[in-house]
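Peer 1: Just a sequence and a predicted model for now, questions to come.
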Amino acid sequence: MKCPYCSSNDDKVVDSRESGGGEVIRRRRECASCSRRFTSYERIEEVPAMVIKKDGRREIFDSQKLLSGLLIACQKRAVSRRSLEEIVDEIAAMASDATDRELPTEAIGQTVAERLKKLDQVAYVRFASVYRDFQDVEEFLSEIRGLIGRGKMRREQEER
């Protein structure tokens, strides 16, 4: 480490301590040339998770952006913020666990859609309309018919 006083590269570590809840190591150093002491900090370099967009662009995964989209889809619906934060946490974990720390938007959208479908079907349709890029009313109706059909089948099974 280069001494900030004399620019010598010869120093020794006098003391090391954890700092920031174990996220940082603080080291007190003494320069062998001028005998002055200085402090250095050591941190783990974070590799941000990336999202691969449909057009091939890559962006840094932004959990706040995802949460904002979910809040819009669930506006005026009885869905707790905690439930939405759990979805965001699940997606963030998926991105972090990916071997190359890259996750395609299709995987994110599919996972979010599955979770929203279980939480609130109206919020699901709102999200799906953006995620699947519905172009006309027929696509909305098709998705809603599918939800109605699954709901009828589920009720019939429960009645048996």
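Peer 2: Good, I have the coordinates. What you see is a predicted model, and the numbers here were worked out from it, not measured in a lab.
Peer 1: What residues does the residue nearest to the spatial centre of the chain make contact with?
Peer 2: Geometric centre of the chain, nearest residue: A92, 3.0 Å, by CA atoms, centre = their mean. For A92, the contacting residues are A49, F61, S63, by CB atoms under 8 Å, 6 or more residues apart in numbering. (Glycine included, C-beta is placed from N, CA and C.)
Peer 1: which parts of the helix or strand containing it are buried?
Peer 2: Using DSSP states H and E, A92 falls within helix 81-97. Neighbour-count burial for helix 81-97 flags L84, I87, V88, I91, A92, A95 (criterion: 16 or more other CB atoms under 10 Å).
Peer 1: what do you get for stretch 35-48?
Peer 2: Residues of stretch 35-48 classed as buried: none (neighbour count, 16+ other CB under 10 Å).
Peer 1: and it, how far from the chain's centre?
Peer 2: Chain-centre distance of stretch 35-48: 27 Å, with CA atoms, centre = their mean, to the nearest Å.
Peer 1: got the CA positions of that stretch in CSV?
Peer 2: The C-alpha trace of stretch 35-48 is given here as CSV (Å, rounded to 0.1, in the frame of the first residue of the first chain):
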residue,chain,number,x,y,z
SER,A,35,7.2,5.8,10.3
ARG,A,36,3.9,7.6,10.0
ARG,A,37,0.6,5.7,10.5
PHE,A,38,-2.4,5.6,8.2
THR,A,39,-5.6,3.7,7.9
SER,A,40,-6.8,1.6,4.9
TYR,A,41,-10.2,-0.2,4.4
GLU,A,42,-10.8,-3.5,2.7
ARG,A,43,-14.3,-4.3,1.2
ILE,A,44,-15.6,-7.2,-0.8
GLU,A,45,-16.2,-5.9,-4.4
GLU,A,46,-19.9,-6.5,-5.2
VAL,A,47,-20.7,-7.8,-8.7
PRO,A,48,-24.1,-6.4,-9.5
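Peer 1: Need the contact partners of it.
Peer 2: 1, 3-6, 14, 19, 23-31, 60-61, 101.
Peer 1: In ChimeraX, how would I select just the buried ones from those?
Peer 2: Selecting only the buried entries of the contacts of stretch 35-48 in ChimeraX, with 16+ other CB under 10 Å as the criterion:
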select :3,27,29,31,61
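Peer 1: just checking, which of the contacts of stretch 35-48 belong to strands?
Peer 2: Among those, the members found in strands (DSSP state E) are V14, S19, V24, I25, R26, R27, R28, R29, E30, C31, I60.
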